[in-house]
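Asks: whatever this is, show me its structure:
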Amino acid sequence: YKSISEATMHAGVKNSCKVNVKWIHAEKINSNNAVKKLASLKGVIVAPGFGDRGIEGKISAIKYIRENNIPFFGICLGMQSAVIEYARNVLRLKDADSTEMNPKTSAPVIDLMDTQQDVTEKGGTMRLGAYDCQLRKNTKAIKAYKTSDISERHRHRFEFNNDFKADLEKAGMIASGINLENNLVEIIEIPSHPWFIGVQFHPEYKSTVSNPHPLFCEFIKACIANK
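Replies: Purely as a prediction, here's the structure:
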């Protein structure tokens with residue numbers, strides 16, 4: 001997570017502030033201690049990962065963050081965890097999950113890409129490299145980027161399941177960035193929340209000292225505004 005830590009520092013410079021990062025292991029968070037571990041924070045980044053290690057901790061953290069209006073930035077599995085949390089606790093799909101964690105879930109809100117269904121040799125077969133994304137008007141995403149067409153780098157195999165898109169949007173979680181070529185959801189956000197954005201890609205890969213990533217910059221700005 002070195003690149004994520006560095007990206008927050010870049011954004012801190014852009015916002016003329018020092019960013020103090022507190023690392024919290026997802027395996028050590030649950031619904032009983034989320035308040036104690038998260039209440040003092042100005043904002044939370046839920047980081048990428050693979051497999052089910054710490055996933056329930058991520059989901060417990062996101063529920064607390066969402067319900068208490070704390071700025072949230074989810075990256076890759078962090079974004080997927082946000083979708084799972086919202087499906088479980090807002091749509092009331094108690095079995096909602098990713099098929100990476102639970103292949104038998106009755107509500108696979110995150111599922112294996114069609115192109116990955118028959119892949120047995122993992123290696124370099126993930127969705128890798130830069131992909132285009134079109135941003136939705138009047139969203140926090142387009143406010144951050146200041147353009148409707150972007151390109152970001154990816155490294156993953158599982159995706160947002162469009163079968164649940166309409167229900168999630170009706171319930172208040174919108175898709176604010178779409179890869180039009182494959183009709184894949186790249187960015188989700190909750191418009192009613194002060195700052196709640198999840199991205200399927202890895203924005204930290206493109207952040208530099210001289211050119212901080214706009215999403216990190218807006219996230220840190222939201223953290224500063226969080227009183």
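Asks: just checking: what are the partner strands of the helix or strand of the chain with the lowest mean pLDDT?
Replies: When each helix and strand of the chain is scored by mean pLDDT, DSSP states H and E, strand 127-135 comes last, with a mean of 84. The strands beside strand 127-135 in its sheet (DSSP bridges) come out as strand 149-156 (antiparallel), strand 174-179 (antiparallel).
Asks: can I get the last one in PDB? Just the C-alpha atoms.
Replies: Backbone C-alpha positions of strand 174-179 (Å, rounded to 0.1, in the frame of the first residue of the first chain) are rendered in PDB as follows:
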ATOM      1  CA  ILE A 174     -25.200   5.400  -8.300                       C
ATOM      2  CA  ALA A 175     -22.700   4.400 -11.000                       C
ATOM      3  CA  SER A 176     -20.900   7.600 -11.700                       C
ATOM      4  CA  GLY A 177     -18.300   6.200 -14.100                       C
ATOM      5  CA  ILE A 178     -18.800   3.600 -16.800                       C
ATOM      6  CA  ASN A 179     -16.400   1.800 -19.300                       C
END
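Asks: could you check the angle strand 174-179 makes with the next helix-or-strand element following that strand?
Replies: Counting by DSSP states H and E, the next helix or strand C-terminal to strand 174-179 is strand 184-189. Taking axes from the mean of the first three to the mean of the last three Cα atoms, to 10 degrees, one finds strand 184-189 and strand 174-179 inclined to each other by 150 degrees.
Asks: which secondary structure elements does strand 184-189 contact?
Replies: Judged by 3 or more Cβ pairs under 8 Å, 6 or more residues apart in numbering; DSSP states H and E, the packing partners of strand 184-189 are helix 77-89, strand 127-135, helix 140-145, strand 158-160, strand 174-179, strand 196-199. Where you see a C-beta, it was placed from the backbone N, CA and C, and this is true even at glycine.
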